[in-house]
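Chemist: sequence plus the predicted model coming up.
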Amino acid sequence: MGLAMIFQGVLSCIFHVCPSNLSLQFDTTMMYLIMTLVFVKIYQFRHPDTTINAYLCMFTLCVALIFEALSIYVVQNTITKTLFISAFSLLCFGIIMYLGINFYFNRS
């Protein structure tokens with residue numbers, strides 16, 4: 001987590017010196033990585049009996065980053081962007097509900 005914080009500072013400096021969509025991608029990627037690491041570590045401290053698989057966690061982060069890159073670079077039209085954000089929001093809500101129910105009933 002310490003290295004992630006260092007890289008977040010470096011990549012945030014790059015974004016603020018020369019703001020562009022490409023440097024924003026680097027900055028937000030590190031934010032997602034730090035947020036994921038902190039969330040998983042806090043969850044492991046509070047629930048040592050049920051922990052998330054590291055491969056599944058990083059795969060989920062990778063899928064979220066792919067959706068972020070698609071929203072920045074591929075989807076340009078306003079209507080298409082609205083449909084993309086709506087579909088991604090519904091998918092994200094469904095995943096959160098599924099994981100919440102699974103964690104509530106303490107299933108792996």
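Modeler: Received it, and whenever you're ready, just let me know what you need.
Chemist: how close does the most centrally placed residue in the chain get to E68?
Modeler: Centroid-nearest residue in the chain: Y32, 4.3 Å away (criterion: CA atoms, centre = their mean). As judged by CB to CB, to the nearest Å, Y32 and E68 stand 8 Å apart. Every C-beta, even on glycine, is put in place using the N, C-alpha and C of the backbone.
Chemist: any weak-confidence spans in the protein?
Modeler: By pLDDT under 70, the weakly predicted segments of the chain are 22-23, 107-108.
Chemist: tell me where it has strands.
Modeler: Assigned strands in the chain: none (criterion: DSSP state E).
Chemist: I'd say S12 and T28 touch.
Modeler: No - taking CB atoms under 8 Å as the definition, S12 is not a contact partner of T28, at 10.0 Å.
Chemist: hey, what's in contact with both of the two?
Modeler: By CB atoms under 8 Å, 6 or more residues apart in numbering, S12 and T28 have no common neighbours.
Chemist: rewinding a little: show me the contacts for the residue nearest to the centre of the chain.
Modeler: Neighbours of Y32 in contact, by CB under 8 Å, 6+ apart: 61, 64-65, 68.
Chemist: what's the separation between it and F7?
Modeler: Taken as CB to CB, the span from Y32 to F7 is 12 Å.
Chemist: now swap in I79 and tell me
Modeler: Using CB to CB, I79 is found at 36 Å from F7.
Chemist: what of D49?
Modeler: Distance of D49 to F7, given as CB to CB: 32 Å.
Chemist: who has more neighbours, those two?
Modeler: Between D49 and F7, counted using other CB atoms under 10 Å, F7 has the larger neighbour count: 15 against 5.
Chemist: got a list of what the closest residue to that one other than its chain neighbours touches?
Modeler: Excluding the flanking residues, the one nearest F7 by CB to CB, 6 or more residues apart in numbering is M30, at 5.4 Å. By CB under 8 Å, 6+ apart, the residues touching M30 are 4, 7-8, 11-12.
Chemist: hmm, 6 Å instead?
Modeler: 7-8, 11 (CB atoms under 6 Å, 6 or more residues apart in numbering).
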